[in-house]
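S.K.: Here is my input, please return the structure:
(2 chains)
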Amino acid sequence: MIILVNGKKQDVQPELTLKAWVDFQERSFSGIAIAVNQVFIPKPKYDTCILKENDQLDLLSPHPGG
Amino acid sequence: MFGLYDKRFDVPLLLGTSRYPSLDVLIECIDKWGVKVVTTSLRKQSALNSKKNLFWETLQSLNVDVLPNTAGCKTVKEAIMIAQMAREVFATDWIKLEVIENDDTLKPFEAGTTEAAEMLVKEGFKVFPYITSNASVCEQLAKIGCQVIMPWGSYIGSGQGLVYKKELIEVRKALPDHTLIVDAGIGKPSDACLAMELGYDGVLINTAIARAQDPIIMTGAFIDALFAGKKAREAGVIPEQSFATPSTTPLGMPIWHQE
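M.R.: The predicted structure follows:
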């Protein structure tokens, strides 16, 4: 199925949990917060968040700001 | 010393971290002048495969408290979500709450800011609301539980200074025991000095320092001005009056010229 990660399409397995998706990425998610369809998902809830077709993931990280 | 919730600070400058010529210049502004509080934001990563966040790694290595913001949010829902995400990423309950009316003026959306502040306080956040200099709205935020209030001096990034000086005086009178920080619009060290003379506890500055020809020297100039204003406030500034009073006594004045 297709999901959008920061606006870019990604083809992933159906019924994937957010935790499984994170584990599959070859990077640390320290310093990154994730929202799915504009709802913040705290890290302890990654394993109960099941991704669906066309879900939008927003990965936010620290950036300069005033 | 002034307080930001349960913490105390000497340097009354909260420094924004955006728009500097380089990260090295920002670090020098912080290190050289003993800045202890810096603001940050959360944004989408432009490079998904990037494994390093040099900005964040650098801030973590400095002896500073981080105040994340909700910059750009126009709704209560957006601001709440960004605040929650910021708490996880930055591991702090502090949040500089910004809910704006529009992108042109970046004017605080008073009702939205108040509603979001109330919800965030209930969730345990220590809220620093960016708000207009409307004293009744500031009082409302204080009643909700905001111990720090940050009224604007003028438009963000405008450098116009304390356009709302009279209103800022009213806010100080209305909230004599709250920490008040002028946020937005400060352009020159003299603006920061004036804020302190009015009894404010500090200022939040980004553009006026970051876009100066020499941000490092400008940081020092602002800190000198802040302490000058603080000292003047403590010393007691004379009240303004609309008539002249000679500083040299007229008594004993030779009267030849009156002939």
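
S.K.: rest of the way, CA atoms for contacts and neighbours
M.R.: Will do.

S.K.: Indicate each strand paired with the lengthiest strand in chain B and its parallel or antiparallel sense.
M.R.: Ranked by number of residues, the top strand in chain B under DSSP state E is strand B:37-44. Strand B:37-44 pairs in its sheet with strand A:56-64 (antiparallel), strand B:13-16 (parallel), strand B:65-68 (parallel), by DSSP bridges.

S.K.: Most tightly packed of those?
M.R.: Comparing the strands paired with strand B:37-44 by mean neighbour count (mean count of other Cα atoms under 10 Å in any protein chain shown), strand B:13-16 comes out on top with a mean of 25.

S.K.: Now the helix or strand following that one: buried residues?
M.R.: Per DSSP states H and E, the first helix or strand lying C-terminal to strand B:13-16 is helix B:23-33. Buried residues in helix B:23-33, counted by 16 or more other Cα atoms under 10 Å in any protein chain shown: B:L23, B:L26, B:I27, B:E28, B:C29, B:I30, B:W33.

S.K.: hmm, which two among those residues are most spread apart?
M.R.: Maximum pairwise distance among the buried residues of helix B:23-33 (Cα to Cα): 15.8 Å, between B:L23 and B:W33.

S.K.: mind showing which ranges of the stretch 51-200 of chain B have poor pLDDT?
M.R.: B:51 (pLDDT under 70).

S.K.: Contact partners for the most centrally placed residue in chain A?
M.R.: What sits nearest the mean C-alpha location of chain A, by Cα atoms, centre = their mean, is A:L57, with 4.5 Å. Contacts for A:L57 were tallied using Cα atoms under 8 Å, 6 or more residues apart in numbering or on different chains; they are A:I3, A:L4, A:V5, A:N6, A:G7, A:I34, A:A35, A:V36, A:N37, A:Q38.

S.K.: swap the cut-off to 7 Å and go again
M.R.: By Cα atoms under 7 Å, 6 or more residues apart in numbering or on different chains, A:L57 lies in contact with A:L4, A:V5, A:N6, A:I34, A:A35, A:V36, A:N37.

S.K.: ok, and the most crowded of those residues?
M.R.: A:I34 (25 neighbours; other Cα atoms under 10 Å in any protein chain shown).
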